[in-house]
Structures are given as structure tokens and as C-alpha cells.
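Undergrad: Show me how the following folds:
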Amino acid sequence: LDHQYCCLILVLEVETCLFSFLILLNLCVGVAACLVPVRQKSSDSGPSLQGPNCNVDIGVTSDGKTIVCYHPTVDIPYEFTQPIERPDPTTNTVETHDQVLKANLSQEVLKVKKGPTIEELSKMFFTTKHRWYPVGQYHMRRRKKDPLKDR
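TA: Numbering: from 1, shown residues only. Have a look, this model is predicted:
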């Protein structure tokens, strides 16, 4: 099977069965993808895959190059949920509209970094001070855009 065909099989399985697959490595390089179930103890102290409420399956393709995990979403009853407490920005003086809409930037971020002065630039590059002053719009408009070619 080619790479596109294997991806199509996984997409169809995801859409029809509502499974979420996690592909960790390359998917089938010219080899048929038969899933082989794998269950091994992990050295991590993370959540266990052996619990009664755990519906997680881990598999490896027959060529051993792809690891596929099946982990459906866990349905939590609404009675067991709690609302997230958010302070009211109108009554709380700490949370004002300015803080909610804009990021709080410190004065160091807003402070303009000063570069070298015109005198320092002229000494550094051995030029006159006039080279570093901006040219006005009047002079820029009067400058010829296409200079005459040498004969």
C-alpha cells in the first residue's frame, strides 16, 4: 500500500468510528498496515492503562515502523463539573478593562532604545554630520528618479 492509501484508511476510520489516532512515526512505507496489539509496562509513573475505566488501545503495524494509539474521549457527567471562577472586571479594581484588552507591558519594553548620536556616527564612518540627517519631502520629490545616462 502506498502512503496516501494508508492515510485515507486512517481518515475514514477516524471519521466513521469517531476514534482519535495518534501517529508517532512514519506510516507504512510500502508495507500493509496490520495492527498488532501491544501492552507493556511503562517505567513512567503516569496514568495506568490497566484501569477498569481505561479504554485505551496501543498497537504497532506489522512492519514495526508505526505506533497507533486509540484513546476515545471520556464522557464526564455534567453533575461532576464545576464552573470556572472569573472575577468581574467591572467590580474588581485589579481587573480593569485596560488590563483585559491590552497586555501589561513594563516600562522597559515600551522604552525606546537609543542608538548612536549623529556625532558618533559621523566619527565612526568618517563622514560629515549632514549625511545622517533625514532629507525632507520637498527635496525627495525634486530629485530626478531616472538620472541621465553617460554618453
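Undergrad: Name the SS class of Val68, please.
TA: When classified by DSSP: H, G, I helix; E, B strand; the rest coil, Val68 comes out as strand.
Undergrad: Name the nearest residue to it, sequence neighbours excluded.
TA: Gly59 (4.9 Å; Cβ to Cβ, 6 or more residues apart in numbering). C-beta coordinates here come from the backbone N, C-alpha and C atoms, glycine included.
Undergrad: Name the SS class of the one you found, please.
TA: Counting by three-state DSSP, the backbone at Gly59 sits in strand.
Undergrad: quick one: low-confidence ranges for this protein?
TA: Residues of the chain meeting the criterion pLDDT under 70: 1-54, 89-90, 92-112.
Undergrad: Name the residues of stretch 117-131 that come out as buried.
TA: By neighbour count on 16 or more other Cβ atoms under 10 Å, the buried set for stretch 117-131 is Ser122.
Undergrad: Just the CA trace of it, in CSV.
TA: Included here for stretch 117-131 are C-alpha records, laid out as CSV according to Å, rounded to 0.1, in the frame of the first residue of the first chain:
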residue,chain,number,x,y,z
THR,A,117,24.1,60.0,18.0
ILE,A,118,24.8,61.8,14.7
GLU,A,119,28.2,63.0,16.0
GLU,A,120,29.1,59.4,17.0
LEU,A,121,28.0,58.1,13.6
SER,A,122,30.0,60.8,11.7
LYS,A,123,33.1,59.9,13.7
MET,A,124,32.6,56.2,13.3
PHE,A,125,32.2,56.3,9.5
PHE,A,126,34.4,59.3,8.8
THR,A,127,31.6,61.3,7.2
THR,A,128,30.1,64.8,7.7
LYS,A,129,27.2,65.3,10.0
HIS,A,130,24.9,66.2,7.1
ARG,A,131,24.9,62.6,5.9
